[in-house]
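J.: could you look at this predicted model? Sequence included:
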Amino acid sequence: MNAQTFTSHSTSTGPAFVPGPVLLLGAPGVGKGTQAQILMADFGIPQISTGDLLRSHRARQTELGMLADGLMKQGRLVPDDLVNQMVEKRLADPDAARGYILDGFPRTLPQASWLDGLLASLGPASLPVVAVSITVHYDVLLKRITGRRTCPSCKSIYNVFSHPPKVVGKCDFDGATLEQRSDDTEEVFAERMKTFAAQTAPVVEHYRALGRFAEVDGERAVETVTAEIETALKRLRGMEGR
């Protein structure tokens with residue numbers, strides 16, 4: 001793979017830039033999932049989630065899946081080595097040849113170092129990972145998480161602060177009583193943020209030191225955030241203005 005290879009994806013408007021391996025970083029609630037879905041559609045590349053990989057291997061009862069299943073049933077964490085093997089197998093699939101969006105991996109510095117080593121071992125034709133962090137202020141995230149309500153029937157999502165229903169506690173479409181997830185509380189959110197900061201800070205500094213890192217403001221409109229991410233990716237790949 002090289003930078004020129006990644007311009008081969010085309011749309012009705014002509015050749016389109018495709019960014020190669022991308023790591024999206026961000027705290028719970030910043031909108032990584034939304035942006036990943038848009039980037040997948042724009043670039044024609046898959047999203048690779050360690051959560052999805054674990055579920056797939058367990059469901060298919062692969063050797064790796066059975067090992068992970070046994071550990072999880074014992075209440076133990078799945079070790080990096082096992083997760084790394086699942087990721088390595090997934091990256092070898094044909095649909096990942098032109099690039100991919102990484103979700104939830106690498107989550108720690110050892111995982112980031114392992115992934116860098118894997119991609120480097122593939123030779124000069126393989127592009128390294130570039131990382132983009134979506135940033136949102138703590139208070140804004142807190143409202144996004146604790147204000148979230150979902151209709152159990154039609155699955156419509158509301159937020160009591162930014163997108164409230166017309167009638168308090170009721171879905172606009174079917175009148176069902178809205179529900180709040182048990183983990184959408186301030187206490188749980190605070191713990192998740194502590195874990196995120198402890199694990200992710202070294203990963204951020206790792207890619208920043210390598211010159212393969214950018215930050216975007218996640219508090220703006222979705223399409224504005226997407227445009228800034230795509231501009232950052234072009235800059236990181238040395239293709240800005242093309």
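T.: Sure, I can see it.
J.: please count neighbours and contacts with C-alpha atoms only from this point.
T.: OK.
J.: what is the helix ranked longest in the chain packed up against?
T.: Longest helix in the chain by number of residues (criterion: DSSP state H): helix 186-209. The helices and strands touching helix 186-209, judged by 3 or more CA pairs under 8 Å, 6 or more residues apart in numbering; DSSP states H and E, are helix 109-121, strand 130-135, helix 138-146, strand 213-217.
J.: now do the first one against helix 186-209, angle only.
T.: This points to helix 109-121. Going by axes from the mean of the first three to the mean of the last three CA atoms, to 10 degrees, helix 109-121 is angled at 40 degrees with respect to helix 186-209.
J.: what's next to helix 109-121, contact-wise?
T.: When contacts are defined by CA atoms under 8 Å, 6 or more residues apart in numbering, helix 109-121 is touched by residues 80, 84, 105-106, 126-129, 199-200, 202-203, 206.
J.: do that again at 6 Å, thanks
T.: Contacts with helix 109-121, where a contact means CA atoms under 6 Å, 6 or more residues apart in numbering, come from 106, 202-203.
J.: ok, back up a step: pick the most deeply packed of the helices and strands packed on helix 186-209.
T.: strand 130-135 (a mean of 22; mean count of other CA atoms under 10 Å).
J.: returning to that earlier point: out of the contacts of helix 109-121, who's the most crowded?
T.: Taking other CA atoms under 10 Å to define a neighbour, the member of the contacts of helix 109-121 with the most is Pro106, carrying 25 neighbours.
J.: quick check on that one: phi, psi?
T.: phi -80, psi 140 (degrees, to the nearest 10).
J.: where's the nearest residue to it once chain neighbours are set aside relative to Ile48, distance?
T.: Distance criterion CA to CA, 6 or more residues apart in numbering; nearest residue to Pro106, sequence neighbours excluded, is Ala112 at 5.0 Å. Computed as CA to CA, to the nearest Å, the Ala112 to Ile48 distance reads 15 Å.
J.: same deal with Gln61?
T.: 19 Å.
J.: identify the residues contacting the residue nearest the centre of the chain.
T.: For the chain, the residue whose C-alpha lies nearest the mean C-alpha position (CA atoms, centre = their mean) is Asp103; its distance is 3.2 Å. The contact partners of Asp103, taken as CA under 6 Å, 6+ apart, are 48-49.
J.: just the pLDDT for it.
T.: Note for Asp103: predicted pLDDT of 86.
J.: remind me which residues of this structure are low pLDDT?
T.: Residues of the chain that meet the criterion pLDDT under 70 lie in 1-15, 241-242.
J.: residue with max distance from the center of it?
T.: Taking CA atoms, centre = their mean, the residue of the chain most remote from its mean C-alpha position is Val167, at 33.5 Å.
J.: just the helices in the chain please.
T.: Remark: helices assigned in the chain by DSSP H are 32-43, 50-60, 63-73, 80-91, 109-121, 138-146, 186-209, 222-236.
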